[in-house]
Every structure is written in structure tokens, then in C-alpha cells.
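[1] Coordinates only, no sequence provided:
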């Protein structure tokens with residue numbers, strides 16, 4: 001599935017984009033936000049969108065988001081290349097960003 005800046009409310013990153021679906025009272029979402037912000041801060045060309053699933057119901061349904069936190073990693077075109085629920089480790093997220101960056105963007 002491909003997402004566009006209009007879906008996310010932010011421009012796509014040159015290399016990758018991390019999309020976090022959260023909910024207001026989700027304690028693991030705060031931990032996930034911290035991990036994602038650290039990973040994005042140390043990676044060039046990576047954008048970040050933190051979306052409250054209650055405010056983005058149609059997109060959440062389209063992507064079958066039924067657990068928060070859910071983290072999607074998009075390649076430069078906006079294609080979902082990784083998806084995970086729960087709190088990722090910094091190493092897992094960096095690995096996912098590296099994988100997204102290596103996707104052939106000419107397709």
C-alpha cells in the first residue's frame with residue numbers, strides 16, 4: 001500500500017518516512033514516540049508522522065490499524081515496507097529504516 005503526504009499531513013522523507021499510530025491513553029505509545037524520535041533525529045532524509053488513530057479513522061481502517069502503537073516504515077515513494085505493533089527497539093527501527101532506504105526508488 002502506498003501513502004501520500006495528503007494521507008499523513010507531512011511531506012514524505014527523501015529516504016523513508018516513519019508513521020506512528022497512537023491513541024490518547026496509550027502508555028506504550030509514549031515510549032514508542034521516544035524511540036522513533038531518537039531514530040529520526042539521527043537519520044538523514046527521514047520524516048516522521050505521529051497520528052492519533054481517533055483523528056484518522058478512515059486511514060486507520062484502510063490500513064487495518066487495530067492496536068496502538070502501530071509503526072509503519074515507508075520507502076521514499078510512500079510504500080509500506082515494514083509494519084510492527086508494540087514498542088520497537090532503536091536497533092529494530094534503524095534496521096527498518098536501512099531496509100526502506102535500500103528499496104529501488106525507480107520502480
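    Received, thanks. As the structure is a computational prediction, the values presented were derived from the model and not from experiment. Numbering: from 1, shown residues only.
[2] Pull out the buried residues from stretch 90-107.
    93-94, 96-97, 100-101, 103 (16 or more other C-beta atoms under 10 Å). (Each C-beta comes from the backbone N, C-alpha and C, glycine too.)
[3] you'd agree residue 50 is in a strand?
    Yes - judged by DSSP: H, G, I helix; E, B strand; the rest coil, residue 50 forms part of a strand.
[4] mind checking how far it is from residue 102?
    Distance of residue 50 to residue 102, given as C-beta to C-beta, to the nearest Å: 25 Å.
[5] same question, residue 89
    Counting by C-beta to C-beta, the gap from residue 89 to residue 102 is 20 Å.
[6] Excluding chain neighbours, what is closest to the spatially most central residue of the chain?
    By C-alpha atoms, centre = their mean, the mean C-alpha position of the chain lies nearest to residue 19, the distance being 2.2 Å. Nearest residue to residue 19, sequence neighbours excluded (C-beta to C-beta, 6 or more residues apart in numbering): residue 72, at 4.3 Å.
[7] what are the bridge partners for that neighbour, then?
    residue 19, residue 83 (DSSP bridges).
[8] show me the contacts for it.
    With contact set as C-beta atoms under 8 Å, 6 or more residues apart in numbering, residue 72 has these partners: 3, 18-21, 63, 80, 82-83.
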